[in-house]
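1. Structure for this input, please:
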Amino acid sequence: MSDKGRGSVHAIQEVKGIGPKTVSLLHKLGIETVDDLVTHYPFRYDILKRSDLKNATEQDKVVIDGKVESVPLILRFKGGLNKLNFRLVTSQGIVGVSIFNRAFLKPNLGIGTSVIVLGKYDSAKNIITASDIKFGTLTNQEKIEPVYHCTSGLTNKNLASYINSAIMTYGKEITDYIPDKYVEKYKFSNKKTALNIVHNPPSPEKLKEASIRLKYEELFAFMFKINYLKEQNHKENKGISRSVDETKMNDLIAKLTFHLTKDQEKALHEIIEDLTSSKRMNRLLQGDVGSGKTIVAMLAMYANYLSGYQSALMAPTEILATQHYHNLQNLLKDQNINMALLIGSMTKKEKQEVQDGLKDGSIDMVVGTHALIQEEVIYQNLGFVVTDEQHRFGVNQRANLKNKGLKPDVLYMSATPIPRTYALTIYGDMDVSTIKEMPKGRIPIKTYVKSDQEMKAVLSMMYEELQQGHQIYVIAPLIEESENSDLTNVNQLKDKMILAFGKKYKIDLIHGKMATPAKDLIMAEFKAGKVDILISTTVIEVGVDVPNASMMVIFDANRFGLSTLHQLRGRVGRGAIESKCILISNTDTKRLEIMEETTDGFKISEEDFKLRGHGDLFGTKQSGDMAFKIANVRQDYKILVQARDDSKEYLLDTLFDNDPLKQSLIQSINHD
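-> As a prediction, this is how the structure comes out:
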């Protein structure tokens, strides 16, 4: 059997040359261990190929190597600026080199030092104005230079040195998550060799081979986790045996004031099949903003009620939970169902009443935040849990319910639509239902891309909406000013909006740093029509339905991913009013134009995959599982599918049950 999976975890301070100051800088990059350090992969590579100076024009970026021929001179200017000059002996003759604000390089540029210079060449003066100077020579006229994400006080050169030192000292101890069976099958190199090549590429071909090996490993470990969770579900999931009164179900659907779309009907059918089957439901319901996912989930809660079990609907915020509660009451107002709301801002007495009702079974349905699965909440017969907006259960939360003796069916809802092929793999531990068709009568939101120069026209459009008694969202990407950024922030925007509209209209502000009760209060006032313009960061991305909000203006729209913009845009157009979304940006307007062309979230998410990879679809580490270091779901989809199949084969093969690597992988999942 393999001895993989027994790698030891070393702290970064054990690496030669890393002292306390460097430790704190590495921590800023999320690097805590040697494993973290050696898997801090370059985010790009610079291909340094020797230029022919005879044919270079002044616009060309040149790369030339040689040896320092003169002692560098430093010229100093007002304001602390400086310029460093020296001569360089190259294979093409002697050339002058100038570089600004790098006086600190002088001690390292002794006569005879080998350097590579990147910059613009002035043939008349025979001088290269350098943008960068690297140490070394170009072997075979080419060098592949890794470029890392760094932080102030930590240079690319320093970071590369620490990484290489760690690989040299601990490379053989770093955990390798590929079983020997697949190393042999695909003729992969060992992990230490692959890491060394990725951080010091000898050639593009070798770099590609090593990258594929490391991507496969990362995706293999990820898909093993997904497959393991799915298998655990199947083993534990002797679902609740129940029957649903189809006549009553159909009666309720017939009494709705609208018709379900075919996609809604199909999704509801799949969910009810899960409820009545012998396996425990673990299903993702994904659909575009406004496609009607919530009504499907609430009808499923009614089906669960008809079978004699309690339901719980979890939302990420109190205000969204309250909205769901009122919508559920409205949907089932004629059914004599006892339902309750459980959120943190309720009094102790109110909470206790709900807890008592859940325990004795007198409450049939409960809506709330994560408080619904806390230790003190005891259910008599919980049969169905709906979690909204990727509010997914982790292993510990499942264990929490299991410890209460509960194994409810679980439905997850997500308004971040992703192409089904990716969904089936990324959410491989779940079944997936998709709603693409939009309900009839929904008025498409008109979207416009505008520049700062067109602000006067934007303000006129806003004024027209306000005159009609409508409300407006204004979105900014930052909370407060930063010295390093000229992005518009919410405080600046509030001042501008007050200047433009403050005499006639009420303006308020909401952002992520505010306490939850304060945010909820302002959102409630906006919903009640007491606030005309709400200035916000993306905290309203998952928010309350405000049918009277007919316009959204997003500043610095180029800073957002397309999927995030689509989610934000979905906050308007919730009523019968024709709504508009204005994207203000002076750059990246070509990318933003797709927002003008379509309101199809699936098309937009596919475009986001092409442009940005998977990250923006889930928000910053939103799904937890998706923070890949070297793999990219879209670009490496073939590797992902192979890793999925191989990891499943390895998981189910009982010959490997005592393999330390298998035990290590399972242990890491149970610790999540």
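
2. Show me the strands in the stretch 551-672 of the chain, by range?
-> With DSSP state E, counting those that start in this stretch applied, the stretch 551-672 of the chain shows strands at 580-584, listed in chain order.

3. where does it have low pLDDT?
-> Within the stretch 551-672 of the chain, the ranges that satisfy pLDDT under 70 run 609-627, 670-672.

4. In it, mark out all the helices, start to finish.
-> 562-569, 589-597, 601-612, 615-618, 637-652, 660-670 (DSSP state H, counting those that start in this stretch).

5. now those as JSON lines including distance to residue 380 and mean neighbour count?
-> C-beta coordinates here come from the backbone N, C-alpha and C atoms, glycine included. As requested, those are arranged in JSON lines below (distance: least, C-beta to C-beta, whole Å; neighbours: other C-beta atoms under 10 Å):
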{"stretch": "helix 562-569", "distance to residue 380": "37", "mean neighbour count": "25"}
{"stretch": "helix 589-597", "distance to residue 380": "48", "mean neighbour count": "16"}
{"stretch": "helix 601-612", "distance to residue 380": "39", "mean neighbour count": "20"}
{"stretch": "helix 615-618", "distance to residue 380": "35", "mean neighbour count": "21"}
{"stretch": "helix 637-652", "distance to residue 380": "36", "mean neighbour count": "18"}
{"stretch": "helix 660-670", "distance to residue 380": "29", "mean neighbour count": "16"}
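
6. What number of residues are in the vicinity of residue 330?
-> Applying other C-beta atoms under 10 Å, we find 9 residues neighbouring residue 330.

7. taking the mean pLDDT, what do you get for stretch 13-26?
-> Mean per-residue pLDDT for stretch 13-26: 92.

8. got it, and stretch 68-78?
-> For stretch 68-78, the per-residue pLDDT averages 93.

9. for it, which positions count as buried?
-> For stretch 68-78, a neighbour-count test (16 or more other C-beta atoms under 10 Å) marks 68, 69, 72 as buried.

10. So which of the residues you listed are in strands?
-> Among the buried residues of stretch 68-78, the ones falling in strands (DSSP state E) are residue 68.

11. Any chance of JSON lines for the buried residues of stretch 68-78, columns distance to residue 550?
-> Compiled in JSON lines, the buried residues of stretch 68-78 are given as follows (distance: C-beta to C-beta, whole Å):
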{"residue": "68", "distance to residue 550": "66"}
{"residue": "69", "distance to residue 550": "69"}
{"residue": "72", "distance to residue 550": "63"}
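
12. Output the contacting helices and strands for the helix ranked longest in the chain.
-> Longest among the helix segments of the chain by residue count, using DSSP state H, is helix 204-236. Counting by 3 or more C-beta pairs under 8 Å, 6 or more residues apart in numbering; DSSP states H and E, the packing neighbours recorded for helix 204-236 are helix 180-186, helix 191-199, helix 637-652, helix 660-670.

13. Would you verify that residue 526 is located in a helix?
-> Yes. Under DSSP: H, G, I helix; E, B strand; the rest coil, residue 526 sits within a helix.

14. Would you agree it is in contact with residue 471?
-> Yes. Using C-beta atoms under 8 Å, residue 526 is in contact with residue 471, at 6.8 Å.

15. Overlap of the contact sets of the two?
-> In the contact map built from C-beta atoms under 8 Å, 6 or more residues apart in numbering, the residues linked to both residue 526 and residue 471 are 534, 546, 549.

16. for these, which one is nearest residue 282?
-> residue 546 (33.1 Å; C-beta to C-beta).

17. Just list the residues touching the closest one, thanks.
-> With C-beta under 8 Å, 6+ apart, residue 546 has these contacts: 471, 526, 527, 571, 574.

18. Pull the most distant pair out of those.
-> Within the contacts of residue 546 (distances taken as C-beta to C-beta), the two that end up farthest apart are 526 and 574, at 12.5 Å.

19. could I get the helices of the stretch 551-672 of the chain as JSON lines with distance to residue 415?
-> Formatted as JSON lines, the helices of the stretch 551-672 of the chain follow (distance: least, C-beta to C-beta, whole Å):
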{"stretch": "helix 562-569", "distance to residue 415": "7"}
{"stretch": "helix 589-597", "distance to residue 415": "16"}
{"stretch": "helix 601-612", "distance to residue 415": "8"}
{"stretch": "helix 615-618", "distance to residue 415": "11"}
{"stretch": "helix 637-652", "distance to residue 415": "23"}
{"stretch": "helix 660-670", "distance to residue 415": "27"}
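
20. closest one to residue 188 among those?
-> In terms of C-beta to C-beta, the element of the helices of the stretch 551-672 of the chain nearest to residue 188 is helix 637-652, at 11.9 Å.

21. coming back round to it: mind giving me the ChimeraX select for the contacts of residue 546, buried ones only?
-> The following ChimeraX line selects those of those that are buried, judged by 16+ other C-beta under 10 Å:
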select :471,526,527,571,574
